[in-house]
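A.B. asks: Turn this into a model:
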Amino acid sequence: MAVLIQKSPITGNPLPANSLEVRPMRSPRILAFASILLIAGCGDKTEEPPPPQLFKPQRDALEKAKGVEQTLQQSADRRREQIEREEK
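C.D. replies: Predicted coordinates:
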C-alpha cells in the first residue's frame, strides 16, 4: 500500500497526515515593522522648522540702500529748493 504525502504549495514541505493545510508562520519581522509604523504614526506632531532665510543678508542690505537713497534724494531736493529761493 502506497502512502501519498501531500506537500505544502507554499513551502514545499510535507504536510502532516491529519492536516489538510498548514498555514505558514508569520514573520516576526513583519509584525515588528507594522508595530513600529503604528507607534510612529500615532506620535505627537512636531512643529515644522521655520523656512530657511535665504538671501536675508542681501535683502537687509537692499533695504538699507533704499533708506540711504531716500535720504540722499531728500537732501538733493532741499538743495534744489534752496538754490531756487536764492535765485529769486
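A.B. asks: Helix or strand next in line after the helix or strand of the chain with the lowest mean pLDDT, which one?
C.D. replies: The least trusted helix or strand in the chain, going by mean pLDDT, DSSP states H and E, turns out to be helix 28-41, with a mean of 80. Next in sequence after helix 28-41, counting helices and strands by DSSP states H and E, comes helix 56-87.
A.B. asks: and the least confident helix or strand of the chain, how far out from the chain's middle?
C.D. replies: 21 Å (Cα atoms, centre = their mean, to the nearest Å).
A.B. asks: what's the answer for stretch 81-88, then?
C.D. replies: 64 Å.
A.B. asks: got the contact list for that stretch?
C.D. replies: For stretch 81-88, contacts defined as Cβ atoms under 8 Å, 6 or more residues apart in numbering pick out no residues. (C-beta placed from N, C-alpha, C; glycine too.)
A.B. asks: Sort out which residues of the least confident helix or strand of the chain are buried, please.
C.D. replies: Buried residues in helix 28-41, defined by neighbour count with 16 or more other Cβ atoms under 10 Å: none.
A.B. asks: now swap in stretch 77-88 and tell me
C.D. replies: So for stretch 77-88, nothing qualifies as buried (16+ other Cβ under 10 Å).
A.B. asks: Need the mean per-residue confidence for it.
C.D. replies: The pLDDT scores in stretch 77-88 average 91.
A.B. asks: Begin at 411 from now on, thanks
C.D. replies: With the count now opening at 411, the last piece we talked about shows up as stretch 487-498.
A.B. asks: For K417, what are phi and psi?
C.D. replies: Per-residue torsions, K417: phi -110, psi 150 (degrees, to the nearest 10).
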